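>>> Just to be clear, the model below is a prediction. Sequence and coordinates:
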Amino acid sequence: MIRGKVLLLNPRSAESKPRIPNSILAAAAALEGKYEYILVDGNLEKDSYSKIFSAMANGGVKYFGCTVMPGPQLKQAILISKKVKEDFPT
């Protein structure tokens, strides 16, 4: 297994009923056995960025990835991606 975890975010896509995050589940399946990974589902987290910040600040996360579809996910994906880049520039 390669060192350094991958953190994958699925931004919120709905305000009511959570959706199954197939996109990050598919990405995680491709990483299985190669990288450790952390999944953050914005549909289940009230504050996705707090969970992301905590995981990245505790060390070990080397890569951040974000799945996104046009529409409501795009706005959150841009905001969180910019914040990750600001807080963890390297």
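Yep, that arrived. Residues are numbered from 1 along each chain as shown.
>>> just so I have it, where are all the helices in this structure?
22-31, 48-57, 72-87 (DSSP state H).
>>> Please look at Gly42 and Ser48 and confirm they touch.
Yes: in this structure, Gly42 is within contact of Ser48 by C-beta atoms under 8 Å, at 4.5 Å. All C-beta spots, glycine's among them, are computed from the backbone N, C-alpha and C.
>>> burial measure for the residue nearest to Ile80 when sequence neighbours are not counted, as a count.
Residue nearest to Ile80 in three dimensions, not counting chain neighbours: Tyr49, with 5.6 Å by C-beta to C-beta, 6 or more residues apart in numbering. The tally of other residues near Tyr49 (other C-beta atoms under 10 Å) stands at 17.
>>> Distance of Tyr49 relative to Leu7?
Taking C-beta to C-beta, to the nearest Å as the criterion, Tyr49 is separated from Leu7 by 12 Å.
>>> Likewise for Ser50?
13 Å.
>>> Which one's more surrounded, those two?
Leu7 (21 against 11).
>>> my guess is the more buried one meets Tyr35, correct?
No: with contacts counted by C-beta under 8 Å, Leu7 stays clear of Tyr35, the gap being 10.4 Å.
>>> List the contacts of the closest residue to Val68 other than its chain neighbours.
Using C-beta to C-beta, 6+ apart and skipping residues adjacent in sequence, the residue nearest Val68 is Ala77, 4.0 Å away. When contacts are counted by C-beta atoms under 8 Å, 6 or more residues apart in numbering, Ala77 touches 9, 11, 66, 68.
>>> Pull up the overlap in contacts between Gly42 and Ser48.
9, 11-12, 76.
>>> In strands, which of the residues you listed fall?
Leu9 (DSSP state E).
>>> of the shared contacts of Gly42 and Ser48, the lowest pLDDT goes to which?
Least confident entry in the shared contacts of Gly42 and Ser48, by pLDDT: Arg12, with 86.
>>> Now for that residue: which residues touch it?
Contacts for Arg12 were tallied using C-beta under 8 Å, 6+ apart; they are 42-43, 48, 72-73, 76.
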